[in-house]
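Asks: give me a model of this one.
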Amino acid sequence: MIMQSLIHLIYPPQCLACDALTESDFALCGACWRDTVFIGGLVCDACGTPLLGEDTGEKELCDDCISIARPWDRGRATLMYRDTGRQLVLSLKHGDRTDLARPAGRWMAQTARDLIREDTVIVPVPLHWSRLLRRKYNQAAELAFALGKVAGCAVLPDALIRHTRTRPLEGHSRDQRFAALQGTISPHRKRGAALQGKHVLIVDDVMTSGATFAATTEGCRSAGATQIDVLALARVAKDA
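Replies: The predicted model follows:
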């Protein structure tokens, strides 16, 4: 405790998103907290996007998930991909801010409390080896390990492989995203067997169209997973 107090005297805790001082480590200041839109209340059971109305416990779907057959079972997201939420995701993904995975893992554990069971295994969306070599880490894996530590679940970071490198999909239509990602993710030749008969929770940083989650779900199904849910740190929604 004395050493921790001395460290805080020299390096006082700062906001995750700005330079403002905070009362504890890995926290947001009041202003950034107000600009971080956490998803709660009534949400789409398949993708986690917020819906109008009250949560009565009944399963509801958004318009997109009514028109698109989702290959996974249930889906949730923690933040809206805008304002501070967008800043945090981009900092984790492109700014070497792997420290952000720790608080994000706690937030995601709250979001996924109705998805996680004792036998759940967590699988991050895999990166192609060339992208992983350039970035040096997989942001989805960082989130998966942080979530697994909080939730007490096993994390299988190498159960799937992304054997096809796709170009960045920003600006692509929904159909183009699904076409580009179809068949790009498969079970690892040896380690994929660990998914046989398992309840899998797939983790990624952002859900936009759901195409990446769909491709990852196909890989888990091929490995014999019996139930597959998905969880994103942030959700891109039409009203965002």
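Asks: tell me what residue 160 is bridged to.
Replies: When bridges are called by DSSP bridges, residue 160 pairs up with residue 187.
Asks: contacts only, for residue 218.
Replies: Going by CB atoms under 8 Å, 6 or more residues apart in numbering, residue 218 touches 71, 182-183, 185. The C-beta positions use only the backbone N, C-alpha and C, and glycine is treated the same way.
Asks: domains in this protein, by residue range?
Replies: 1-34, 73-235 (automatic domain parsing).
Asks: still on that earlier bit, now the contacts of residue 218: which count as buried?
Replies: With burial judged by 16 or more other CB atoms under 10 Å, the buried subset of those is 71, 185.
Asks: on that earlier part again, lowest-confidence stretch among the domains of the chain?
Replies: Note on those: domain 1-34 shows the lowest mean pLDDT, a mean of 75.
Asks: what secondary structure does residue 87 sit in?
Replies: helix (DSSP: H, G, I helix; E, B strand; the rest coil).
Asks: I'd assumed residue 16 was in contact with it.
Replies: No - using CB atoms under 8 Å, residue 87 makes no contact with residue 16, being 9.3 Å away.
Asks: so between these two, which is more surrounded?
Replies: residue 16 (24 against 19; other CB atoms under 10 Å).
Asks: in the chain, which spans are strands?
Replies: For the chain, the strands defined by DSSP state E cover 74-80, 120-124, 154-155, 160-162, 185-187, 199-207, 227-235.
Asks: can I get the ones you listed in a markdown table with distance to residue 109?
Replies: Output for the strands of the chain, formatted as a markdown table (distance: least, CB to CB, whole Å):
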| stretch | distance to residue 109 |
| --- | --- |
| strand 74-80 | 9 |
| strand 120-124 | 11 |
| strand 154-155 | 13 |
| strand 160-162 | 22 |
| strand 185-187 | 25 |
| strand 199-207 | 11 |
| strand 227-235 | 10 |
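Asks: buried deepest among those strands, which one?
Replies: For the strands of the chain, the largest average neighbour count (mean count of other CB atoms under 10 Å) is found in strand 227-235, namely a mean of 26.
Asks: what's that strand packed up against?
Replies: For strand 227-235, the contact count by 3 or more CB pairs under 8 Å, 6 or more residues apart in numbering; DSSP states H and E identifies strand 74-80, helix 83-94, helix 101-111, strand 199-207, helix 211-222 as packing neighbours.
Asks: residue 25 is nearest to which of those?
Replies: helix 101-111 (9.0 Å; CB to CB).
Asks: could you export stretch 147-163 as PDB, CA atoms only?
Replies: Output in PDB follows, covering the C-alpha atoms of stretch 147-163 (Å, rounded to 0.1, in the frame of the first residue of the first chain):
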ATOM      1  CA  LEU A 147     -12.400 -10.800 -20.300                       C
ATOM      2  CA  GLY A 148     -11.300 -14.300 -19.500                       C
ATOM      3  CA  LYS A 149      -9.500 -13.200 -16.400                       C
ATOM      4  CA  VAL A 150     -12.600 -11.400 -15.100                       C
ATOM      5  CA  ALA A 151     -15.100 -14.100 -16.000                       C
ATOM      6  CA  GLY A 152     -12.900 -17.100 -15.100                       C
ATOM      7  CA  CYS A 153     -13.100 -18.600 -18.600                       C
ATOM      8  CA  ALA A 154     -10.600 -20.400 -20.700                       C
ATOM      9  CA  VAL A 155      -9.300 -18.400 -23.700                       C
ATOM     10  CA  LEU A 156      -8.300 -20.200 -26.900                       C
ATOM     11  CA  PRO A 157      -6.400 -17.600 -28.900                       C
ATOM     12  CA  ASP A 158      -5.100 -20.100 -31.500                       C
ATOM     13  CA  ALA A 159      -8.100 -22.300 -32.100                       C
ATOM     14  CA  LEU A 160      -8.800 -20.500 -35.400                       C
ATOM     15  CA  ILE A 161      -6.700 -19.200 -38.200                       C
ATOM     16  CA  ARG A 162      -7.300 -16.400 -40.700                       C
ATOM     17  CA  HIS A 163      -5.800 -17.900 -43.800                       C
END
